[in-house]
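Asker: sequence and predicted structure, then a few things I'm wondering about:
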Amino acid sequence: MVKSGSSYLSQSELPLTFGLGKKDQADRIAIQWPNGRIEEFKNLKAGKSYECTEGKGIAPQSGF
């Protein structure tokens with residue numbers, strides 16, 4: 001869970017890191033946004049960084 005703010009002058013880290021064990025991809029990632037909308041993404045490669053924007057999908061990023 002990512003929270004954009006939790007207390008005075010602090011914030012949770014925004015990037016999420018997933019452990020996939022020996023798998024080379026995440027078969028399915030589901031994001032439930034604060035408004036209740038759920039977006040699903042499939043076959044995301046391991047060792048990559050992605051940027052997810054509500055309603056705009058997911059885009060691979062260079063590096064970590």
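Answerer: Cool, the structure landed. Numbers count the residues shown, from 1 in each chain.
Asker: out of everything not next to it in sequence, what's closest to the residue nearest to the spatial centre of the chain?
Answerer: When the chain is reduced to its mean C-alpha position, the closest residue under CA atoms, centre = their mean turns out to be Leu16, at 5.5 Å. The shortest distance from Leu16 to any residue other than its chain neighbours is 6.3 Å, reached at Val2 (CB to CB, 6 or more residues apart in numbering). For glycine as for every other residue, the C-beta is placed from the backbone atoms N, C-alpha and C.
Asker: residues contacting that neighbour?
Answerer: When contacts are counted by CB atoms under 8 Å, 6 or more residues apart in numbering, Val2 touches 12-14, 16.
Asker: which secondary structure element is home to Glu40?
Answerer: Take DSSP states H and E as the rule and Glu40 turns out to sit in strand 38-45.
Asker: so what secondary structure elements neighbour that strand?
Answerer: Secondary-structure packing of strand 38-45 (3 or more CB pairs under 8 Å, 6 or more residues apart in numbering; DSSP states H and E): strand 25-32, strand 49-53, strand 57-61.
Asker: could you dump those to CSV with distance to Phe41 and mean pLDDT?
Answerer: Compiled in CSV, the helices and strands packed on strand 38-45 are given as follows (distance: least, CB to CB, whole Å; pLDDT from 0 to 100):
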stretch, distance to Phe41, mean pLDDT
strand 25-32, 5, 93
strand 49-53, 8, 90
strand 57-61, 5, 89
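Asker: as a quick check, tell me the outermost residue of this protein.
Answerer: With distances taken as CA atoms, centre = their mean, the residue sitting farthest from the centre of the chain turns out to be Tyr8, at 24.6 Å.
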